[in-house]
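Colleague: Structure of the sequence below:
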Amino acid sequence: MRISLAVVATIFVRLTETQTSAFVPQSFLPRGAGVRGDVCISSSSSAAVEESVRVNGEASDRDILVRAARGEKVERTPVWLMRQAGRYMAAFREYSDKYPFRQRSETPDMAVPMSLQCHQAYGMDGIIMFSDILTPLPTMGIEFDVVKGTGPVISTKVRTEEDVSNLNFEGSFDSKLPFIREILSKLSAEAEERNTSLIGFVGAPFTLAAYTIEGKSSKNCLATKKLMMADEEGSNKAMSQFVDKLGDMIGEYGCHQIECGAQVVQVFESWAHQLSPSGFVKYAKPAAQKAISIMKEKYPDVPVIYFANGGSSYLELQRDMGADMIAVDWSVDMAEARKILGPDVPISGNIDPTILFGTKEQIEQAVRDCIDKAGGPGKHLLNLGHGVMQGTPEEAVGWLVDECKRYKGKDSQ
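Modeller: Presented below is the predicted three-dimensional model:
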């Protein structure tokens, strides 16, 4: 049989673990080791390695992110970054400077390599599909485009209960979004080859509703909040009906991604900063819980992560989302977030993305601080508290990933 270089690296480490660290030093393997590289190994040797893993309870990097997202204590802190496939990379801009967003995200021959570039360069513990939270909206008859320099623009108007009643999902995701299965299936094979995990993602119902109602990015979300107030006093229930309907669709879309190969799904409440705690409880939380419950009921072993960007002021309200893990933004101290959520709620986050514009020493210290405040190595899933920013130095991302994988805790320093 044939086995990837990543597995060979794992064998090497296990054979020499009494003399070396538990992870392959940077000097032994290039970034992205395991990419398209094969060597021959006998079936008996492979079986012996698998038996050793089973007996000794060791596990490879293949599923370390998945296990962490389930809340398991893992052998080191895994890491991936929101917007890790992004315009900070020159290789990414070779596509984004030439082709419109939807063409890139809906064409497998573009979306697959764009999803893989960052992993090949930096070796994060997960590959995330290059796509957008708005991608499934056309399945309900909501049309959108992403205009360079402007962002998402949605032409479908939703203001009344009748408008909401006209939005219905019919058919299947395979018939309406055929590119999703092809992209995720190819990425799933790549993730296995590269000895890493595949991350899917969806937008939370409130965020998708607000985007649709506003028609584009909005500073104050006034049209949405007017509908929320009309809903509260009973004159127009469009808002509550809309988020509820989106909850069904998003839940099924998450299931579809899992069926196509996603091993973890993150739910992005990108507009949580537009909500007060009471607004979150009334219009965001129930619909997000509905979407999450649909995924968990159908695929209970697939971890779901919930991320409310700007929602740290009501973090205590997120303990019972039904997700396996809560991701937190950078505006709350990780130690405080851990205290608010409690020791039994797995947590992800939350380095300030602007740290990546600092020095190597500052970046490495931020990584160590975040890991320590989360409880130490292997006790959380490291991420930024928001996405990698355009203009971020590429080497800075590598410094962050390397330090996360290297760090073994304060006592080892």
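Colleague: where does the spatially most central residue of the chain fall, phi/psi-wise?
Modeller: With distances taken as Cα atoms, centre = their mean, Gln266 lies nearest the centre of the chain, 4.6 Å away. When read as degrees, to the nearest 10, the backbone of Gln266 gives phi -100, psi 130.
Colleague: Which residue ranges of the stretch 301-413 of the chain form helices?
Modeller: Assigned by DSSP state H, counting those that start in this stretch, the stretch 301-413 of the chain shows helices spanning 334-341, 360-373, 394-406.
Colleague: Let's verify the residue nearest to Gly322 when sequence neighbours are not counted: helix, strand, or coil?
Modeller: Distances taken as Cβ to Cβ, 6 or more residues apart in numbering place Ile292 nearest to Gly322, at 4.5 Å, with adjacent residues excluded. C-beta here means a position set from N, CA and C on the backbone, and glycine is covered the same way. Three-state assignment for Ile292 (DSSP: H, G, I helix; E, B strand; the rest coil): helix.
Colleague: hang on, Ile292 packs against Pro303?
Modeller: No. The criterion here is Cβ atoms under 8 Å, and Ile292 misses it with Pro303 at 10.8 Å.
Colleague: How about the contacts made by Pro343?
Modeller: Gly375 (Cβ atoms under 8 Å, 6 or more residues apart in numbering).
Colleague: what's the spacing between it and Arg368?
Modeller: 21 Å (Cβ to Cβ, to the nearest Å).
Colleague: Likewise for Cys118?
Modeller: 22 Å.
Colleague: between those two, which one's more packed in?
Modeller: Cys118 (29 against 18; other Cβ atoms under 10 Å).
Colleague: Surely that one touches Val397?
Modeller: Yes. Using Cβ under 8 Å, Cys118 is in contact with Val397, at 7.4 Å.
Colleague: Between these two, which contacts overlap?
Modeller: Applying Cβ under 8 Å, 6+ apart, one finds that Cys118 and Val397 are jointly contacted by 81, 84.
Colleague: buried set for the helix ranked longest in the chain?
Modeller: Determined from DSSP state H, the single longest helix within the chain is helix 238-259. If you call a residue buried by 16 or more other Cβ atoms under 10 Å, then helix 238-259 has these buried ones: 238-258.
Colleague: got the residue ranges for the strands in the stretch 151-300 of the chain?
Modeller: Using DSSP state E, counting those that start in this stretch, the strands of the stretch 151-300 of the chain run over 151-154, 197-203, 264-269.
Colleague: now swap in the stretch 1-150 of the chain and tell me
Modeller: So, for the stretch 1-150 of the chain - with DSSP E, counting those that start in this stretch - the strands run 2-4, 38-40, 126-128, 144-147.
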